[in-house]
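Colleague: dropping a prediction and its sequence here:
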Amino acid sequence: MRTLSVWLRIPACLAIFLGALSVSCKPKTPDEKGDQTTAAGRLAAEPNAPSESDADNVAVTVNGVDITESDVQSLIKSQLDMITRQSAQLPPAMVQQYQKQLREQALEQLIRRKLLEQEITDANIVVTEEEVIGKIREIASDSPDLLSLEEVKKQLEQYGQDFDKVKEDVRTGLSRNRFMEMQWEGKINVTEEQARKYYEENPKRFEIPEQIRASHILIKFDDIASGGDPNEAKTQAKAKVEDLLKQIKEGADFAELAKAHSACPSAPAGGDLGFFPRGKTTPPFEKVAFELEVGQISDTVETEYGYHIIKVTDHNDASVVSFEQAKEGTMKQLTQKKQAEFVEEYINSLKARANIVFPFEM
């Protein structure tokens, strides 16, 4: 089940242009480091990462407004923590390189954000409290749990998130959306002919592979119940799964047995895994599942997860989405692509006109 924290990350990326504001958080390996001749790159190449005592130091000044070291560190804290946890398994030079790249990326992202923030302020874009709450309600209502606003607040507290901070993220996303919509109004247009051309030139994108829908019952190898003996664990699991298979063959309800005995998260749904194509599950499971007819039940199947009983409930042959079916989505996709390109050009134009100063340049 997707948690609320996942759904409430959406506002931070509400606008298509956020792809242009952000940079990849995946550090490149030393072989992929590329050119570091930009000002941000030169700063990132400094030998030592800033310490906590440097938190109030200025990292960069954008049109007279300072971005501090603490701003940079807070943006990449989770990635730095991950690197710290893995540092024992990584060469020191690689850890240092990752840290440098994260810093470069963070500086670039903060510069972009600050430039756009200044433009939004000058344009007097105002997002009301009602609009913010309305967007949060909209996101929550689209979640699998259909959460109320009070439930949103409670879940945020459980995950250690501040509701006021979430509201500010939503407000920021809505203001960026509104501002950029003003900039590209009347400048972006995608025609049906363009959509058809894309459809015809990218046939693979509209192919739907063969898929099956299956349910299963999973019995894991329980080392604890068997006193820590892996062989005994497998013996006990095999006996249990064979007993369940016997009950099914005698007429017991597959879904009810899955709910009562399966160790898979799909158990509450009667073991239903939904539709899936080849290549999306472990090979021993896939091989048996795709050989079954609809309504047919397998013998016991062993995988690295344990023993399974599989039931195929539906099957779809490979097919191709028609242009009429794909037209709306394709036009939307092409529009978003043009919007992203527009914003990248717009942000670059702001950078070209901006006064961006790093401390070592002062």
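Modeller: Now that the structure is in, tell me what you want to look at. Residues are numbered from 1 along each chain as shown.

Colleague: contacts for stretch 326-333?
Modeller: Stretch 326-333 is contacted from outside by Val190, Glu192, Gln194, Ala195, Arg196, Tyr198, Tyr199, Phe206, using Cβ atoms under 8 Å, 6 or more residues apart in numbering. The way it works is simple: take the backbone N, C-alpha and C, and place the C-beta from them, glycine included.

Colleague: name the member of these with the most neighbours.
Modeller: Using other Cβ atoms under 10 Å as the neighbour test, the contacts of stretch 326-333 are led by Ala195, with 21 neighbours.

Colleague: look up how far Val126 lies from that one.
Modeller: Remark: distance between Ala195 and Val126 (Cβ to Cβ, to the nearest Å) = 36 Å.

Colleague: just Leu149 next, same as before
Modeller: On the measure of Cβ to Cβ, Leu149 and Val126 end up 22 Å apart.

Colleague: compare neighbour counts for the two and give me the winner.
Modeller: For Leu149 versus Val126, neighbours defined as other Cβ under 10 Å are more numerous around Leu149 (13 against 10).

Colleague: not counting its neighbours along the chain, what's nearest the more buried one?
Modeller: Arg137 (6.0 Å; Cβ to Cβ, 6 or more residues apart in numbering).

Colleague: CA atoms of stretch 162-174 as CSV?
Modeller: Presented in CSV, the C-alpha positions along stretch 162-174 are these (Å, rounded to 0.1, in the frame of the first residue of the first chain):
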residue,chain,number,x,y,z
ASP,A,162,5.2,18.8,9.5
PHE,A,163,1.8,19.7,8.0
ASP,A,164,2.7,23.3,7.8
LYS,A,165,5.8,22.4,5.8
VAL,A,166,3.7,20.3,3.5
LYS,A,167,1.4,23.2,2.9
GLU,A,168,4.3,25.4,2.0
ASP,A,169,5.5,22.8,-0.5
VAL,A,170,2.0,22.7,-2.0
ARG,A,171,1.8,26.5,-2.1
THR,A,172,5.2,26.7,-3.8
GLY,A,173,4.2,24.1,-6.4
LEU,A,174,1.0,25.9,-7.2
